[in-house]
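Asks: Please find the sequence and the predicted model below.
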Amino acid sequence: MQPQSITISGIGKGFGADDVLKGIDLSIVPGEFLSLVGMSGCGKSTLLRIIAGLETADRGTVSIGARDLTDVDPADRNLAMVFQSYALYPHMSVRDNIATPLRMRRLSIWERLPLIGRLLVKAETLREIDSAVKEAADVLQISHLFDRKPAQLSGGQRQRVALARALVRSPSAFLMDEPLSNLDAKLRAHMRSELINLHDRLGATFVYVTHDQIEAMTMSDRIALMSEGRIEQLGTPDELYGAPATLTVARFIGTPSINLLPAEIDNAGDVLLFGRRLGLRSSNAARGQATLGIRSEDIFPSADGIGARILRSETQGADRYVTCQLYDDEKITVVLRQRAGEEISMNDQGRIRLGFSKAHMHLFGSDEKRCELTSLEQVPA
Ligand SMILES: Nc1ncnc2c1ncn2[C@@H]1O[C@H](COP(=O)(O)OP(=O)(O)OP(=O)(O)O)[C@@H](O)[C@H]1O
């Protein structure tokens, strides 16, 4: 199956008085791995269900390739949906679970009957179904589990059966709703890389819903970050991390979370942090209160920096995250990343001085939107 594009135009959806999707436009390119990510309740599952045809939009259209699907039944959309709950048939073997979508599509109601159906159906059709089931099971490395029932499988194996069942139909695209969230952390990380491999091998279009930004950041070609029924930002993981369009995106993406500090913009557009000019100017920010975002890797010990007190430090793999209180202000703490082998020099009271990398600061105006910053060295006087 050639990978297909998915085009979503002006999708709106309400449940009662709740406006859950407020006009979504999104073009997913053929073969792309696109994640819909956002806080619980932002509308990502509803959007995926509308693409699948399991939910009807109040307005707007969904197309796959050149085909408008808005009024097409879910069964005729040729999209494979994989759920968090796996949705396997408990009484059927792994082989029969995988074969079911093909039997539904290729066999008549009589041919699907146990025993008598076998007499009616053509041997060639059965062979074709068996071979497609075997191929899908081989891709997901579960052929040795063919005769087991779902209850006899681990979580990861069940999810693989669900994926094989989706794969066997040669769908135009795969739609996945939090497919890994029932797995423990280690298996999750393993299945993440299996899904990436599967995507690379199939070259198919994947739309993946998750509330886990790490999952979205590590797996996706592009991410659509949703908030309150809107797409807040659409871009590559690097774009969302390196140039968050809004405070919501900045807060959501990145571990540890971005440090946010209260700042001010004076009449000339100069940015002040704790009353000090930073040598940065914003041409498009409204004057007054603003927020500066600084990621932990862009903060470093510096003799002429801002005074801070170390509160705690946590080791995570090769990095240590050090939480510091700025100016003894209880509300303002920052986390900096200390790499293995680096020692932070502090005085006996646990105090240090911190500098911020100007080139990597993110400024958000009072409307919470990103403002462009220029270094004053580049601004003509
Ligand atoms: N069938 C329904 N009837 C009424 N309200 C619904 C229905 N389905 C979803 N909602 C509401 O719509 C909003 C968006 O739900 P949706 O499941 O799309 O969010 P989500 O971003 O996928 O959240 P989660 O990560 O928790 O699954 C929520 O407030 C939810 O309560």
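Replies: Now that the structure is in, tell me what you want to look at.

Asks: pLDDT of stretch 79-93, averaged?
Replies: For stretch 79-93, the mean pLDDT works out to 85.

Asks: cool, and stretch 190-200?
Replies: Mean per-residue pLDDT for stretch 190-200: 89.

Asks: With adjacent residues omitted, what lies nearest to E178?
Replies: Q84 (4.3 Å; CB to CB, 6 or more residues apart in numbering). No exception for glycine: its C-beta is placed from N, CA and C like everyone else's.

Asks: for the residue lying closest to L102 once chain neighbours are set aside, phi and psi?
Replies: Nearest residue to L102, sequence neighbours excluded (CB to CB, 6+ apart): I129, at 4.8 Å. Here is the backbone geometry of I129 (degrees, to the nearest 10): phi -60, psi -50.

Asks: Would you check that I129 makes contact with A99?
Replies: Yes - at 5.8 Å, I129 and A99 qualify as touching, with contact defined as CB atoms under 8 Å.

Asks: out of those two, which sits in the more crowded spot?
Replies: It is A99, of I129 and A99, that has more neighbours when counted by other CB atoms under 10 Å, with 25 against 20.

Asks: quick one: that one from M176, how far?
Replies: Distance from A99 to M176, counting by CB to CB, to the nearest Å: 21 Å.

Asks: cool, F274 as well?
Replies: 45 Å.

Asks: just P237 next, same as before
Replies: In terms of CB to CB, P237 sits 17 Å off from M176.

Asks: If you count surrounding residues, which of the two has more?
Replies: Neighbour tally, P237 and M176, criterion other CB under 10 Å: the higher count belongs to M176, 23 against 18.

Asks: Next up, phi/psi of the more buried one, please.
Replies: phi -130, psi 130.

Asks: That one: what's it in contact with?
Replies: 81-82, 206-209 (CB atoms under 8 Å, 6 or more residues apart in numbering).

Asks: Return the subset of those lying in strands.
Replies: Counting by DSSP state E, the contacts of M176 place 81-82, 206-209 in strands.

Asks: from those, which single one is nearest the ligand?
Replies: V209 (6.3 Å; CB to the nearest ligand atom).

Asks: The closest one - how many residues pack around it?
Replies: Around V209 there are 24 residues (other CB under 10 Å).

Asks: likewise I253?
Replies: For I253, the tally of surrounding residues (other CB under 10 Å) stands at 24.

Asks: go on, I50?
Replies: 24.

Asks: Just give the closest residue to it, not the sequence neighbours.
Replies: For I50, ignoring the flanking residues on the chain, the nearest one in space by CB to CB, 6+ apart is A57 at 5.0 Å.

Asks: burial of the one you found, as a residue count?
Replies: Neighbourhood size, A57 [other CB under 10 Å]: 21.

Asks: Against N78, how distant is it?
Replies: For A57, the distance to N78 - CB to CB - is 19 Å.

Asks: for L69, same thing?
Replies: 9 Å.

Asks: And I299, by the same measure?
Replies: 50 Å.

Asks: Mind checking which of these two has more residues around it?
Replies: Taking neighbours as other CB under 10 Å, I299 and N78 compare with I299 leading, 24 against 18.

Asks: Angles on the backbone of the more buried one, please.
Replies: Torsion angles, degrees, to the nearest 10, at I299: phi -120, psi 140.

Asks: ok, it touching N259?
Replies: Yes - counting by CB under 8 Å, I299 touches N259, with 7.0 Å between them.

Asks: between those two, what contacts are shared?
Replies: Common neighbours of I299 and N259 (CB under 8 Å, 6+ apart) are 334-335.

Asks: Which residue comes closest to the residue in the stretch 151-300 of the chain that the ligand sits nearest to once chain neighbours are left out?
Replies: At 4.5 Å from the ligand, H211 is the closest residue in the stretch 151-300 of the chain, using CB to the nearest ligand atom. Closest residue in space to H211, ignoring its immediate chain neighbours: S40 at 5.9 Å, by CB to CB, 6+ apart.

Asks: Do you know the pLDDT at the one you found?
Replies: As summarised for this prediction, S40 has a pLDDT of 91.

Asks: residues near it, how many?
Replies: Neighbour tally, S40, other CB under 10 Å: 7.

Asks: how does the chain divide up, domain by domain?
Replies: 6-242, 256-378 (automatic domain parsing).

Asks: winner for burial among those domains?
Replies: Mean neighbour count (mean count of other CB atoms under 10 Å) peaks for domain 6-242 among these, with a mean of 18.

Asks: Let's see the distance spanning that one from one end to the other.
Replies: End-to-end distance of domain 6-242 (CA to CA, to the nearest Å): 27 Å.

Asks: got the residues of this structure near the ligand?
Replies: Neighbours of the ligand within the chain, by CB under 6 Å from any ligand atom: 15, 20, 38, 40-46, 211.

Asks: okay if I get these as a markdown table plus distance to D221 and secondary structure?
Replies: Shown next, in a markdown table, are these (distance: CB to CB, whole Å; DSSP: H, G, I helix; E, B strand; the rest coil):
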| residue | distance to D221 | secondary structure |
| --- | --- | --- |
| F15 | 31 | strand |
| V20 | 26 | strand |
| G38 | 18 | coil |
| S40 | 24 | coil |
| G41 | 26 | coil |
| C42 | 21 | coil |
| G43 | 22 | coil |
| K44 | 17 | helix |
| S45 | 21 | helix |
| T46 | 23 | helix |
| H211 | 19 | coil |
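
Asks: tell me the two of those residues that are most distant?
Replies: F15 and H211 (19.1 Å; CB to CB).

Asks: Provide a list of residues in contact with the most centrally placed residue in the chain.
Replies: The residue lying closest to the centre of the chain (CA atoms, centre = their mean) is A216, at 2.8 Å. By CB under 8 Å, 6+ apart, the contact set of A216 is 35, 37, 208, 210, 223, 237.
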